[in-house]
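Asks: Predicted model follows, preceded by the sequence.
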Amino acid sequence: MDPADLEALPGPRIDPAELLSTRMGIEIVSMSLEEVVGRMPVAGNLQPFGLLHGGASAVLAESLGSTLSALHALPERFPVGLELACTHHRAATTGFVTGTARPLHVGRSTSTSEIVVVDEEGRRTCTAKLTCLHRDTRPAPR
């Protein structure tokens, strides 16, 4: 799927203010079938000791990996997260972290991505692996 076609997909539109990625300040920098790159501010996503929350890194990783899976699966199939594993290597305390998702496997029913998150100095802060299930139908909103 061409990244430019994402907005044209049929289905309900969700108010961007209701998206977790919006609340956390995640922005997509670039996307292609080979990689999706996004960034997130450290400020506002801290744990009580002043470090970037590991869960925030996980949200960034899942957001980027899911977008990559969507580019490969849509419009015929709909990706949903199945498993996320994160290893946190070092702390980030200021600025932005940038994540890059690249495919490890793309099949008809699943895809797996590796997401590498780095700080502003290019030091790896987190390595994640996301597997998405490609469903035949979009889950119905409740």
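Replies: Arrived safely, thanks for sending.

Asks: Please pull out the lowest mean pLDDT helix or strand from the protein.
Replies: Scoring the helices and strands of the chain by mean pLDDT, DSSP states H and E places helix 20-23 at the bottom, with a mean of 92.

Asks: Low-confidence regions, the chain specifically.
Replies: Across the chain, the ranges flagged by pLDDT under 70 are 1-12, 141-142.

Asks: which residues in it form helices?
Replies: Under the criterion DSSP state H, helices of the chain are mapped to 20-23, 54-73.

Asks: about what we covered before: list the buried residues in the least confident helix or strand of the chain.
Replies: Of the residues in helix 20-23, residue 21 count as buried by neighbour count, 16 or more other C-beta atoms under 10 Å. C-beta here means a position set from N, CA and C on the backbone, and glycine is covered the same way.

Asks: What is that helix packed up against?
Replies: With contacts taken as 3 or more C-beta pairs under 8 Å, 6 or more residues apart in numbering; DSSP states H and E, helix 20-23 sits against helix 54-73.

Asks: Using CSV, write out every CA atom in the helix it packs on.
Replies: Extracted as CSV, the C-alpha positions of helix 54-73 are listed here (Å, rounded to 0.1, in the frame of the first residue of the first chain):
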residue,chain,number,x,y,z
GLY,A,54,9.6,2.4,29.4
GLY,A,55,5.9,2.2,28.6
ALA,A,56,6.2,5.4,26.5
SER,A,57,9.0,3.7,24.5
ALA,A,58,6.7,0.7,24.1
VAL,A,59,3.9,3.0,22.8
LEU,A,60,6.2,4.6,20.3
ALA,A,61,7.4,1.2,19.2
GLU,A,62,3.9,-0.2,18.8
SER,A,63,2.7,2.9,17.0
LEU,A,64,5.5,2.7,14.4
GLY,A,65,5.4,-1.1,14.0
SER,A,66,1.7,-1.1,13.6
THR,A,67,1.9,1.6,10.9
LEU,A,68,4.4,-0.4,9.1
SER,A,69,2.2,-3.5,9.3
ALA,A,70,-0.7,-1.4,8.0
LEU,A,71,1.2,-0.4,5.0
HIS,A,72,1.8,-4.1,4.1
ALA,A,73,-1.6,-5.5,5.1
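
Asks: Which of the helices of the chain has the highest mean neighbour count?
Replies: Neighbour counts averaged per stretch over the helices of the chain are highest for helix 54-73, at a mean of 23; criterion: mean count of other C-beta atoms under 10 Å.
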